[in-house]
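# Test case, fold it:
(one chain, ligands or ions: 1)
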Amino acid sequence: MMLNEHQTKTTKKTLDDKFFLFLLRFILIVIFTIFTSVLIIDLLKSKELYFENAIKNANDIAALVEERGSASIEKMDIILLDAVREFTPYMTGKSKINIETANRLLLEMMIQIPEAQKESLRLIDKNGQVVYNAGEDAKLPNVNVSDRNYFKQQKDSNESNLVISEPLYSKFTQKWLIVISRKFVDSNGNFAGVAQLALRADYLQKVFAGLNLGENGVITLYNTDMRIISRFPDLNNTIGKAYNITEVSEAIKSGRVSGSYAKDSRVDGIHREYVFHKFSDLPFVILVGTSPKDFLASWEIKKWLYIATIILLAMLLIWLERTLKSATKNKMLLLEESYARKVAEESSRSKSEFIANMSHELRTPLNGIIGMAEILSETELDSEQSEYVDIIRISSDNLLEIVNDILDFSNLQAKKFILNKHTANLQDVIDSSLEILKPKAKNKSLEFIVNINETVPSSFAGDDARLRQILVNIIGNAIKFTPSGTIAISIDVVSNDGKDMVLKFSVKDSGIGIAPDKLKLIFDAFSQADSSTTRKFGGTGLGLAIAKLIVNLMDGEIGVQSVEGSGSTFWFTAKFGLIKS
Ligand code: ADP
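This next block holds a predicted model:
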């Protein structure tokens, strides 16, 4: 009943633990999934944000360049218009001006426009020849621009517009520049030349360099033919070259003025996010490119940090799972062990109980047989009959001894053995033990020596019957295993605290002795030093096991020294109460 309850509890516990492990794993997986998902979502979202920000930043820069570029061109146009107004009389031949004076006047006009090429304000006659040039003196460059497109355009046009040239390479300064021009007309409306100013590409580059676009960023100013006016950084001398950027040209063709796209650059191969703006008043397109390598740099760090965090978390959770799993397994093992131990104890107890009950039941009929054999031996019998009756008596005596031993051993093991405590005389215990053993020693020539140390009190408080049982066992063995010689019994005091005393009993024989490898075994139940012992000497192998259990109950120890062939000394100690005399 108890066992079943325990078993149910253990099974329930084991099931609980299995469920706990399952739940634990489930919770850990859920935690990991949620945490990882949050990190991944955050990573993807923040990547999108980084892209959005990069494009917004590029748009802002493009708008800024457009604004500043337009403002510069406007400023230059004002100077050109001024020059046209001031110099029309001289250019149309109405008045005359000294070249040096004119040149100085032009130089003065240029002071307000640092973005223009130094001394680039020029006045060109209708044949394309430079007639005045901003400067400190009357020097004029020997330049004819009649073949330049912008000149032809001004000459052929009926309108008086600001004309911006394509990027031009100045052999004179060895620099790339664009020329902006306004034309002179005489009183009849005929073409009378142009006033022009140059804007240097490297000036624009300097402006672009000041805009922070990252290490791999690029800003390019195109004219509407997609010819590069200025680029920062200027790799492979791209200025002046035309690139067909379909994404931009198609968007412009369809009327859009701005947009964005991603592409590997044809100039340097770097992948970039590009933003373009077509200038609203000028024939320019600004293209701003930023590389994910730059604007995702901090995102990349974040990504690796998140990956490391996920790996660490995974490792932590695995460790936690393993630790808890092994802890639970250990707990389950312990539970199972304790269950197994309980079962073993329970079954050994019930076995001992069964044996004790059975031995008890056997004793009644056995006593009957012994009593009847006794009575039968006293009747008139012939010699053969009395020999048979003797055999019955001796056999049943032996059997009773064995049954008694088994009963004692079972009771001792089942812990049903209680020691009595009363006053007894030590000499009486020795004498009665030897008396019991007399028949065993009958046919042997054995000398018994008893030596009780004078310090040993004559009386003691304890269980004399159990002390006798131990002595009968040990002295009985000495008689059994000693064919002839002496058996010396000695008793000494080991300790005496005035209340209790510990006595040491030794039984020394001159018998067959015990092999060294068997010495440890002989105190175990049902063990004999030699398998032939039963045949030769009888016995069950229980005597010393019982003696050991009783000695333990008496708070003592038991042991043996033996030399094979020359004899053994068995000794034991036991604690007794002192009798005050
Ligand atoms: P048994 O009933 O066989 O005597 P015991 O437990 O009393 O059982 O003894 C166990 C074994 O120890 C014996 O069978 C014997 O082999 C050995 N033994 C015990 N006492 C002696 C002794 N005095 N001399 C030699 N052998 C002994």
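
# can you count the residues close to the residue lying closest to residue 73 once chain neighbours are set aside?
Closest residue to residue 73 apart from its sequence neighbours, by CB to CB, 6 or more residues apart in numbering: residue 282 at 5.9 Å. The C-beta positions use only the backbone N, C-alpha and C, and glycine is treated the same way. Residue 282: 17 surrounding residues under other CB atoms under 10 Å.

# residues contacting the residue nearest to residue 564 when sequence neighbours are not counted?
Spatial nearest neighbour of residue 564, excluding adjacent residues (CB to CB, 6+ apart): residue 513 at 4.2 Å. Neighbour list for residue 513: 562, 563, 564, 565, 566, 567, 568 [criterion: CB atoms under 8 Å, 6 or more residues apart in numbering].

# Other residues contacting stretch 38-55?
Against stretch 38-55 from outside (CB under 8 Å, 6+ apart): 260, 273, 275, 290, 292, 295-296, 299, 302-303, 306, 309-310.

# Give me the three-state assignment for residue 269.
coil (DSSP: H, G, I helix; E, B strand; the rest coil).

# if I look at the closest residue to residue 377 other than its chain neighbours, how far off is the ligand?
Leaving aside its sequence neighbours, residue 377 sits nearest to residue 389 (CB to CB, 6+ apart; 4.7 Å). For residue 389, the distance to the ligand equals 26 Å [CB to the nearest ligand atom, to the nearest Å].

# Check residue 39 too.
Relative to the ligand, and taking CB to the nearest ligand atom, residue 39 is found at 75 Å.

# burial measure for residue 240, as a count.
14.

# out of the contacts of residue 513, which touch the ligand?
residue 568 (CB under 6 Å from any ligand atom).

# got the residue ranges for the helices in this structure?
2-91, 99-110, 149-156, 201-209, 246-253, 292-295, 297-377, 383-413, 426-441, 464-480, 533-537, 543-553 (DSSP state H).

# Adding mean pLDDT and mean neighbour count as columns, could you present those helices in CSV?
Converted to CSV, those look like this (pLDDT from 0 to 100; neighbours: other CB atoms under 10 Å):
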stretch, mean pLDDT, mean neighbour count
helix 2-91, 85, 15
helix 99-110, 95, 18
helix 149-156, 94, 17
helix 201-209, 84, 19
helix 246-253, 88, 15
helix 292-295, 92, 18
helix 297-377, 85, 13
helix 383-413, 83, 16
helix 426-441, 91, 15
helix 464-480, 94, 21
helix 533-537, 59, 12
helix 543-553, 93, 21
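
# Now tabulate those in CSV and tack on distance to residue 166.
Output for the helices of the chain, formatted as CSV (distance: least, CB to CB, whole Å):
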stretch, distance to residue 166
helix 2-91, 15
helix 99-110, 23
helix 149-156, 7
helix 201-209, 12
helix 246-253, 16
helix 292-295, 32
helix 297-377, 38
helix 383-413, 117
helix 426-441, 137
helix 464-480, 128
helix 533-537, 127
helix 543-553, 118
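
# Show me the one of these that comes nearest residue 231.
Residue 231 sits nearest to helix 201-209 of all those, at 7.3 Å, using CB to CB.

# quick revisit: among the contacts of residue 513, which pair sits farthest apart?
Maximum distance among these (CB to CB): 10.6 Å, for 565 and 568.

# between the two, who's got more neighbours?
More neighbours surround residue 568 than the other of residue 565 and residue 568, with 25 against 9 (other CB under 10 Å).

# you'd agree that one is up against residue 515?
No - judged on CB atoms under 8 Å, residue 568 makes no contact with residue 515 at a distance of 11.0 Å.

# Give me the phi and psi for the residue nearest to residue 564.
Here is the backbone geometry of residue 513 (degrees, to the nearest 10): phi 70, psi 180.

# how close does it sit to the ligand?
6 Å.

# Can you give me the pLDDT of that residue?
The score at residue 513 is 94. That number is its pLDDT.
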